[in-house]
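> My questions are about this predicted structure, shown below with the sequence.
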Amino acid sequence: QVQLVESGGGLVQPGGTLTLSCEVSGFTLDDYGVGWFRQAPGQERGAAVCVGGHGGVIHYTDSVTGRFTISRDKSKNTVYLRMNSLKPEDTAVYYCARVDGRLCPPPTRLDEFDYWGQGTQVTVSS
């Protein structure tokens with residue numbers, strides 16, 4: 001059974017750092033990519049970044065490039081999202097999702113993410 005469970009969300013001050021975790025089960029990180037998405041209040045869910053089964057990374061939005069880093073620990077079946085220099089506009093529910101394959105899809109094929117976690121809330125506020 002495929003499962004993804006996010007953790008690590010919370011309240012952080014602007015400029016702060018937070019690391020989210022996505023623990024996966026039912027598949028291996030060598031064989032499937034995993035991405036992070038976020039949904040701010042009143043907005044559609046958008047893709048942030050993805051790591052493929054071979055380790056390649058795709059950033060889907062310029063707003064996180066240079067601030068958000070995706071990594072993985074295959075021994076722990078966990079994908080991380082380290083977020084630096086957080087801004088109030090980063091406030092959102094963050095989701096991780098599995099790609100139906102090894103490669104991260106292009107922005108036009110986000111329907112290739114097939115399994116989702118339940119989300120974790122990140123609030124950036126002073």
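All right, it came through fine.

> What strands flank the helix or strand of the chain with the lowest mean pLDDT, and is each parallel or antiparallel?
In the chain, no helix or strand scores lower on mean pLDDT, DSSP states H and E than strand 57-59, which sits at a mean of 93. Next to strand 57-59 in the sheet, as set by DSSP bridges, lie strand 46-51 (antiparallel).

> Show me the strands in this structure, by range?
For the chain, the strands defined by DSSP state E occupy 3-7, 10-12, 18-25, 34-39, 46-51, 57-59, 68-73, 78-83, 92-99, 113-116, 120-124.

> of the ones you listed, which approaches residue 106 most closely?
Closest approach to residue 106 among those is made by strand 57-59 (7.9 Å; C-beta to C-beta). (Glycine included, C-beta is placed from N, CA and C.)

> Give the buried residues for the closest one.
58, 59 (16 or more other C-beta atoms under 10 Å).

> which outside residues touch that strand?
Defining contact as C-beta atoms under 8 Å, 6 or more residues apart in numbering, one finds that strand 57-59 is touched by 48, 49, 50, 51, 52, 65, 68, 70, 104, 106.

> Okay, and the beta partners of the spatially most central residue of the chain?
The centroid of the chain falls nearest to residue 36 when counting by C-alpha atoms, centre = their mean (1.9 Å). Residue 36 has these beta-bridge partners by DSSP bridges: residue 49, residue 96.

> what's it in contact with, if anything?
Residue 36 neighbours (C-beta under 8 Å, 6+ apart): 20, 22, 47-50, 68, 70, 79, 81, 94-97.
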